[in-house]
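Chemist: Return atomic coordinates for the entry below.
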Amino acid sequence: MQQQYLSQLRNLRRYLPRPVDREAGKQLESELLEDARWTINYEVLIVSSCAIATFGLVNNSAAVIIGAMLIAPLMLPLRALALGFLEGNWLLLRRATLSLVGGTLLAIGLSFLIGWLARIPPLGSEILSRTQPNLIDLGIAISAGGVSGFAKIRKDISDVLAGTAISVALMPPLCVVGLSISQGIVSYGSGAFLLYLTNLFGIVFACQLVFILAGYSRLSRSLLLTSFFTVLLLLPLSTNFIKLVRQQQLQATINQLLLRRTITLNQAGISLRGNQVDWTGKPPTVYLFIDFTPNARDAQMITSKQVAEVEKFISAQMQRPFTLVAIVNEVQKIQASYENSEAGKHRVDETPSRSIRTETLPGFVQPTEN
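Modeler: Take a look at the predicted model:
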C-alpha cells in the first residue's frame, strides 16, 4: 500500500513545474529590474500615453484611446512587481513599486490638469464606461495578465503584447480618475480607480501564476496575499455586475412594452429608432429616439400629453417611476405634460440629440436598437 502511494506521488511530480536553471532565473530578474527602472523613457511614455488617452476621452474617440493603450508603460513595473513579490527580491520590489506609484500619480495629475484647463464638456460614453467595473473586467485583467507574463518568458510570442495592452487598458482608467476629479465628480473617479485596481491585481496575480507554473518561482505566501486582495475586489465588482444585468433586463423590458403595448409609438408616421436610459436620475429617465414622417398617410406628431400617458404606463408596468422624454427627428424634444398645453415641447438644443446622446448625458446604458 505504501509503495503504491509513493509511486502515485512520483507520477504526480511529472506534472508539476520544474524549476528553470539558475542562469535563466537570473536573466529574467535582470530584465525585469531594467523594466522597472524610472527613466526618462518611462516618463515620456507615461506622459505621452496619458495625454493621448485623456484627449481621446475628452473627444469621446475610441480610436484615439486605443492608440494610448498600445503604449502601455505601466505593464512593465507590474510584471516586475509580480516576480519581486514572489521571490522576496526587495530591490526589484522597491524599484517596481516606486515606478508604478510614480507613474500612477503622474498620470492622474496630468489628466487632472488637462481636464481643469480644457473645461471639458459633460462626460462622454468612453468615460462613463470606465466608472462601473464588474466581474467581467476582472476576468479580462487576469487573462491579459497571464498572456503578458507568458510573453515575457517566451520571446517568440512577444508580438501579442499590443493586443494584451489594448484588452486590459491600464492608462485610460487613471485618466478618467483625473478628469472626474477635475470636474468634481468623485463617484466617477472612485469607480474608475476601482477599475484600475482591478486591472492591477488581476495582472499581478496572473503573472505570478505564470512565473510559478513556468518554474521561475515557487509557491509562496505572497501569492496567497495577492489572491486575498483580488478576492476583496469581488464584492464591489459583483454588485456592479448584478446592477448592470438588472439594468439591461429592465431596458429590454421597457423596449418590448413600448413596441408591443403602446398605440402612440405604432401610429402612422411614427417609428421608434431606439431608446436609452439614464439610471443616475431620480427617477431614471427614458429617452426615446423617434423618426417622424410628416408626409405619411394619416401621420400625426405625438403630443406631450401622449408622452405623459406612455410615461404613466411604463411606470405602472415596471412598478417604479420613470421620466419619459421623446427626441423626434433629432431636432425636437417632447416631454410629458399633464396639462393641455405646449409646455412640454422644447427645442433639442436644451438636451442632446440622438447622435450625441451618450456624449452629454451621464450614466447611460448603451441604447437598444430596433
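
Chemist: Any stretches of the stretch 151-300 of the chain with poor pLDDT?
Modeler: For the stretch 151-300 of the chain, residues meeting the criterion pLDDT under 70 lie at 155-168, 261-269, 280-281, 295-300.

Chemist: can you map out the strands along it?
Modeler: For the stretch 151-300 of the chain, strands defined by DSSP state E, counting those that start in this stretch occupy the ranges 270-278, 285-292.

Chemist: any weak-confidence spans in the stretch 1-150 of the chain?
Modeler: Along the stretch 1-150 of the chain, the model assigns pLDDT under 70 to residues 1-21, 121-123.

Chemist: try 50
Modeler: Residue ranges of the stretch 1-150 of the chain with pLDDT under 50: 9.

Chemist: out of the strands of the stretch 151-300 of the chain, deepest packed?
Modeler: Highest mean neighbour count of these: strand 285-292, a mean of 21 (counted as mean count of other Cβ atoms under 10 Å). All C-beta atoms are positioned from the backbone trio N, CA, C, and that covers glycine.

Chemist: Work out the sheet partners of that one and label each with its direction, please.
Modeler: Sheet pairing of strand 285-292 (DSSP bridges) gives strand 270-278 (antiparallel), strand 323-328 (parallel).

Chemist: Check the contact between L135 and L235; I expect there is one.
Modeler: No - here L135 does not reach L235: they are 10.7 Å apart, not a contact under Cβ atoms under 8 Å.

Chemist: Between the two, which has more neighbouring residues?
Modeler: Neighbours per residue (other Cβ atoms under 10 Å) separate L135 from L235, with L135 holding more: 17 against 9.

Chemist: if we can go back for a sec, a markdown table for the strands of the stretch 151-300 of the chain, including distance to R94?
Modeler: Formatted as a markdown table, those follow (distance: least, Cβ to Cβ, whole Å):
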| stretch | distance to R94 |
| --- | --- |
| strand 270-278 | 46 |
| strand 285-292 | 50 |
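
Chemist: ok, back up a step: would you turn the strands paired with strand 285-292 into TSV with distance to A80?
Modeler: Shown next, in TSV, are these (distance: least, Cβ to Cβ, whole Å):
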stretch	distance to A80
strand 270-278	43
strand 323-328	51
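
Chemist: so which of the ones you listed comes closest to F55?
Modeler: The closest of the strands paired with strand 285-292 to F55 is strand 270-278. By Cβ to Cβ, the value is 25.5 Å.

Chemist: so how far is the closest one off the chain centroid?
Modeler: Distance of strand 270-278 from its chain centroid, counting by Cα atoms, centre = their mean, to the nearest Å, is 24 Å.

Chemist: Please apply the same query to stretch 85-104.
Modeler: 26 Å.

Chemist: Likewise for stretch 22-40?
Modeler: With Cα atoms, centre = their mean, you get 31 Å for stretch 22-40.

Chemist: Need the contact partners of it.
Modeler: For stretch 22-40, the surrounding residues in contact (Cβ atoms under 8 Å, 6 or more residues apart in numbering) are 19, 76-77, 79-81, 83-84, 87, 89, 91-92, 95-96, 98-99, 102, 152-153, 216.

Chemist: Next up, the contacts around L83.
Modeler: Applying Cβ under 8 Å, 6+ apart to L83 gives the contacts 28-29, 32, 89, 92, 207-208, 211, 216-217.

Chemist: Which single one of these is nearest to E309?
Modeler: C207 (57.5 Å).

Chemist: Report whether the expected contact of the closest one with L78 is present.
Modeler: Yes - using Cβ under 8 Å, C207 makes contact with L78 at a distance of 7.1 Å.
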